[in-house]
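Trainee: 3D model of this:
(chains A and B)
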Amino acid sequence: MDFQTFLQQLVNGASLGSMYALIAIGYTMVYGVLRLINFAHGDLMMVGAFMTLIISELGLPFEASVLIAIIITALVGILTDKIAYKPLRDAPKISLLITAIGISFFLENLFTVVFGGIPRAFKAPEYLTKIFHLGEVYLPISVIIIPTVTLLVLAIVLWILYKTKYGMAIRALAFDINTVRLMGINADRIIMIVFIIGSSLAAIGGIFYAISYPSIDPLMGIIVGLKAFAAAVLGGIGSVGGAVIGGFILGFTEIFVVASFPELGGYKDAFAFFFLILVLLFKPTGIMGQDLERGRF
Amino acid sequence: MLKVEDLEVKYGVISALRGINLNVKAGSIVTLIGANGAGKTSTLNAIVNSVKKSGKVIFNGNNISKLKTDKIVKSGLCLVPEGRKIFINLTVHENLKMGAFNNSENFDELSHKVYERFPRLKQKINQMGGTLSGGEQQMLAIGRALMGEPRMLMLDEPSLGLAPKIIGEVFEIITELKEDIPILLVEQNAFAALQIADYGYVLENGEISLEDEAKNLLGNDAVRAKYLGG
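Mentor: Now for the predicted structure:
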């Protein structure tokens, strides 16, 4: 692999990794407060991408559609918590997990029924897909924008978690929900904030995904969601920084393995799960993960 | 200040509390003593509604029986839970911030007071809660509770797992507090608790078997035999 190709793959990897990272943050934060692997989370990226497409088809400008789609996705996240998860706060965790899988099926099928299962073309505005050359390297503008926005979003999330009292309450929730209530804090409201953050990031990730791979369908969230989940576990579930690192590792590996061994291209989806198995075998707490019971962000 | 009537708690088919009555007056320390499993912690958890219960809880003239835990705490009735439950993944300072969640505007003044009262916490202001010793954690737990400016404090086994010297310090602080904040103190360490309390209840198998002025309980033969080691 010559240097140019290397650079080319590096940017591609950063861009793909960013999408995994954005979605993985939601997995890890919800896990932190509820001890729940929210399997419906991957489908929220589909909701984000789909709503952007539908709303822009209604005639609104792309930027406005993105904003509205993020808000709708956040609302879907809040509603799943209020309707499906909240009644199960004191139930065994396995009931919560099964409910999450149910919500995932529900969202996939709801969108299939309403919008049809045929993949649709996602039209991003030209300024996002324009390609410029840097020497021999071809760069669509999106591969610059995507990692930049991701790092910006990460900075905002970390700022919320460590500098605001709501973020502290989110971290405190990772320790114990009853003690948080004893502080006079409405724990359900804090959990709602987590769902707002996680769902909005999933929507952003989904929109980025649709810009880079401009064909979307109601089942697009399944495989990307699972990979983002693998990224969250790889980085250490419960750790926001870990989720980002895990996302980037997966993104880079996927791109580089396919670039170096094109004959393995058909297996590219398998790498994430190969990593997942390795992590679970040798370091179940992941790269940044603390002891699960200490659940530190 | 706090009046509990006919409080009952059931875990499945097992009755943990079978209808108890308690009364805590302003400016006093009331203690609830009893053996392991007598229902002491259940009583406190039922008062703040973190377990299912039946019965009536009146705080400051308001019926708080149906309020959610966070609303009860917001109304000024604060519980320092058994095992202290310090947020081990938050720093000492952040733990205090959590205590002042609904009282942020007074944070600076109140945290200053807490650090004055517990100088040892001031030295560890940026350490994780999990790195503190048991005694320091208990002080932090009390300090954290004070950050919400509670009207009444309930302490669950503050002496649990502490060295005798530290227990003395903690109990001294509790005595200082009672002037401003009435206290309901749950203790297995009956002797220490009765010494600083004004009034005491003895809990046995989910029922109040005895209640009296603390000094009378200290002299009571049955109590001495059972809880004070003869």
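Trainee: tell me the SS of A:Lys12?
Mentor: Small correction: residue A:12 is Asn, not Lys. helix (DSSP: H, G, I helix; E, B strand; the rest coil).
Trainee: now do the contacts for it.
Mentor: For A:Asn12, the contact set (CB atoms under 8 Å, 6 or more residues apart in numbering or on different chains) comprises A:Val143, A:Ile255. In short, each C-beta sits where N, CA and C put it, glycine included.
Trainee: again with A:Pro125
Mentor: By CB under 8 Å, 6+ apart, the contact list for A:Pro125 reads A:Phe62.
Trainee: what about it, distance to chain B?
Mentor: Look at A:Pro125 and chain B: by CB to the nearest CB, to the nearest Å, they are 43 Å apart.
Trainee: ramachandran coordinates for that residue?
Mentor: phi -60, psi 150 (degrees, to the nearest 10).
Trainee: now do it against A:Pro61, distance only.
Mentor: 8 Å (CB to CB, to the nearest Å).
Trainee: between these two, what contacts are shared?
Mentor: Contacts common to A:Pro125 and A:Pro61, judged by CB under 8 Å, 6+ apart, are absent.
Trainee: what about the helices in chain A?
Mentor: A:3-34, A:41-57, A:62-79, A:93-115, A:126-129, A:141-163, A:165-175, A:177-182, A:187-212, A:220-235, A:240-260, A:268-282 (DSSP state H).
Trainee: okay, the ones you listed in TSV with mean pLDDT next?
Mentor: Below are the helices of chain A laid out as TSV (pLDDT from 0 to 100):
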stretch	mean pLDDT
helix A:3-34	92
helix A:41-57	96
helix A:62-79	97
helix A:93-115	96
helix A:126-129	85
helix A:141-163	94
helix A:165-175	94
helix A:177-182	95
helix A:187-212	96
helix A:220-235	94
helix A:240-260	92
helix A:268-282	86
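Trainee: what pLDDT does the closest residue to chain B within the stretch 51-200 of chain A get?
Mentor: For the stretch 51-200 of chain A and chain B, the shortest gap (CB to the nearest CB) falls at A:Gly184, measuring 3.7 Å. Turning to A:Gly184, the model gives it a pLDDT of 96.
Trainee: got it, and A:Gly266?
Mentor: On the pLDDT scale, A:Gly266 gets 83.
Trainee: so what's the residue count around it?
Mentor: The local packing of A:Gly266 (other CB atoms under 10 Å in any protein chain shown) involves 9 other residues.
Trainee: residues touching B:Ile181, list them.
Mentor: Counted by CB under 8 Å, 6+ apart, B:Ile181 has contacts B:Pro150, B:Arg151, B:Met152, B:Leu153.
Trainee: ah, wrong one, I meant A:Ile68
Mentor: By CB under 8 Å, 6+ apart, the neighbours of A:Ile68 are A:Met51, A:Ile55, A:Leu60.
Trainee: just the buried residues of those.
Mentor: A:Met51, A:Ile55 (16 or more other CB atoms under 10 Å in any protein chain shown).
Trainee: A:Gly77 and A:Gly198, how far apart?
Mentor: Distance check for A:Gly77 against A:Gly198: by CB to CB, it reads 6 Å.
Trainee: about what we covered before: can you redo the contacts of B:Ile181 as TSV with secondary structure?
Mentor: What follows is the contacts of B:Ile181, written out as TSV (three-state DSSP):
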residue	secondary structure
B:Pro150	coil
B:Arg151	coil
B:Met152	strand
B:Leu153	strand
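Trainee: of those, closest to B:Val80?
Mentor: Set against B:Val80, the nearest of the contacts of B:Ile181 by CB to CB is B:Leu153 (6.8 Å).
Trainee: state the number of residues packed around the closest one.
Mentor: 24.
Trainee: for it, list each beta-bridge partner.
Mentor: B:Cys78, B:Ile183 (DSSP bridges).
Trainee: re the thing from before, turn the contacts of B:Ile181 into JSON lines, columns for distance to B:Phe101 and pLDDT.
Mentor: Formatted as JSON lines, these follow (distance: CB to CB, whole Å; pLDDT from 0 to 100):
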{"residue": "B:Pro150", "distance to B:Phe101": "13", "pLDDT": "95"}
{"residue": "B:Arg151", "distance to B:Phe101": "17", "pLDDT": "95"}
{"residue": "B:Met152", "distance to B:Phe101": "18", "pLDDT": "96"}
{"residue": "B:Leu153", "distance to B:Phe101": "17", "pLDDT": "96"}
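Trainee: how near is whichever residue of chain B sits closest to chain A to B:Gly61?
Mentor: Nearest to chain A in chain B, going by CB to the nearest CB, is B:Val73, at a distance of 3.7 Å. Applying CB to CB, the value for B:Val73 to B:Gly61 is 18 Å.
Trainee: in the lowest-mean-pLDDT helix or strand in chain B, which residues are buried?
Mentor: Sorting the helices and strands of chain B by mean pLDDT, DSSP states H and E puts helix B:221-227 at the bottom, at a mean of 83. If you call a residue buried by 16+ other CB under 10 Å, then helix B:221-227 has these buried ones: B:Val223, B:Lys226, B:Tyr227.
Trainee: adding distance to B:Glu105, write these out as JSON lines.
Mentor: As requested, these are exported to JSON lines (distance: CB to CB, whole Å):
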{"residue": "B:Val223", "distance to B:Glu105": "46"}
{"residue": "B:Lys226", "distance to B:Glu105": "48"}
{"residue": "B:Tyr227", "distance to B:Glu105": "44"}
